[in-house]
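Q: predicted model follows, preceded by the sequence.
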Amino acid sequence: MPRAALRQGDLRLYRQMEAILREQIADGELRAGDQVPTEETLRLRYGVSRATVRQALESLERDGLIDRQVGRGTFVRGDARAGRPAARKVRSWGEASALADRAQRLVRTGCAPAPPQVSELLGVRSHAPIPFFIKVSNDAPRWGVKRYLHPQFTGALDALASGRRFASSLSDWTATPVAMRDGWVEAISAEPRFAMLLKAPPGAPLLSLWWTDCAAGRAIAVTQMLHPALCFHAGARV
């Protein structure tokens, strides 16, 4: 039986394995010049297919973290732990919204119960299924956005998830101007699922920005943006 079998969830299995190996490199468990466990060892350890292992390693190789040498194996690069990117500064909720729109890689869509505060803001009974979608950026450091929609938009979920400017897409669907309201900020530690999504070490500090999008004075969507390297002006108002 696998020692730490991965399970399909918000992230594909290869992304989960990639995040685990990234963490091991960032924490120094795998040091520069160390040989990464073989594909067969990783396959058995995590209970996944060889194709999944190869996808994870290919992603790490593209990002310059490892070297794969035919006939020798896979090794951690000497500069794999080079300096982290500088923090991104956001001075207003408008800038935060624009940054959220830059997360264009769609990771997941679905319908599931939302956190209690989201249900309350949307005027939906607790534990009721709510349509949502998750997107991440392609930039480093990576940030992620989860949009919760009022159930009236269940049929529009795919269209809204594929749009490039969320508020504009909502306005088109409602034929009503959409405005931001009720923004708040939290500092949290990265849970494993967030860490894998953002390629950040588990437990790393994240800034969590929340806001509602309203039409005709009623909340129709709630956004959560998670960023591992964001400086947000504390006095910013919606």
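A: Great, that's in hand. Numbers count the residues shown, from 1 in each chain.
Q: helices and strands of the protein: which one has the lowest mean pLDDT?
A: Using mean pLDDT, DSSP states H and E, strand 230-232 stands out as the lowest-scoring helix or strand of the chain, at a mean of 61.
Q: buried set for stretch 45-52?
A: 45-46, 48, 52 (16 or more other C-beta atoms under 10 Å). Where you see a C-beta, it was placed from the backbone N, CA and C, and this is true even at glycine.
Q: same question for stretch 196-213.
A: So, applying 16+ other C-beta under 10 Å, buried residues of stretch 196-213: 196-202, 204, 206-207, 209-213.
Q: can you give me the buried ones in stretch 179-188?
A: So stretch 179-188, judged by 16+ other C-beta under 10 Å, has buried residues 180, 183.
Q: and for stretch 112-120?
A: Buried residues in stretch 112-120 (16+ other C-beta under 10 Å): 114, 118-119.
Q: now swap in stretch 130-145 and tell me
A: Quick answer for stretch 130-145 (16+ other C-beta under 10 Å): 130-137, 141-145.
Q: and which of those is nearest to Arg102?
A: Ser137 (5.9 Å; C-beta to C-beta).
Q: quick one: the strands in this structure?
A: Secondary structure of the chain (DSSP state E): strands located at 66-69, 73-76, 88-90, 105-113, 129-136, 144-149, 178-189, 205-215, 218-227, 230-232.
Q: in this structure, where is pLDDT below threshold?
A: Low-confidence segments of the chain, defined by pLDDT under 70: 1-11, 27, 79-89, 229-238.
Q: domains in it, by residue range?
A: 13-76, 88-232 (automatic domain parsing).
Q: how far does the shortest one stretch from start to finish?
A: So that's domain 13-76. 21 Å (C-alpha to C-alpha, to the nearest Å).
Q: burial of Phe64, as a residue count?
A: Wrong residue type there; residue 64 is Gly, not Phe. Gly64 sits with 11 neighbouring residues when counted by other C-beta atoms under 10 Å.
Q: quick one, what contacts the closest residue in space to it that isn't next to it in sequence?
A: Counting by C-beta to C-beta, 6 or more residues apart in numbering, Gly64 lies nearest to Arg77, which is 6.3 Å off, once chain neighbours are set aside. Arg77 makes contacts with 32, 64-67, as judged by C-beta atoms under 8 Å, 6 or more residues apart in numbering.
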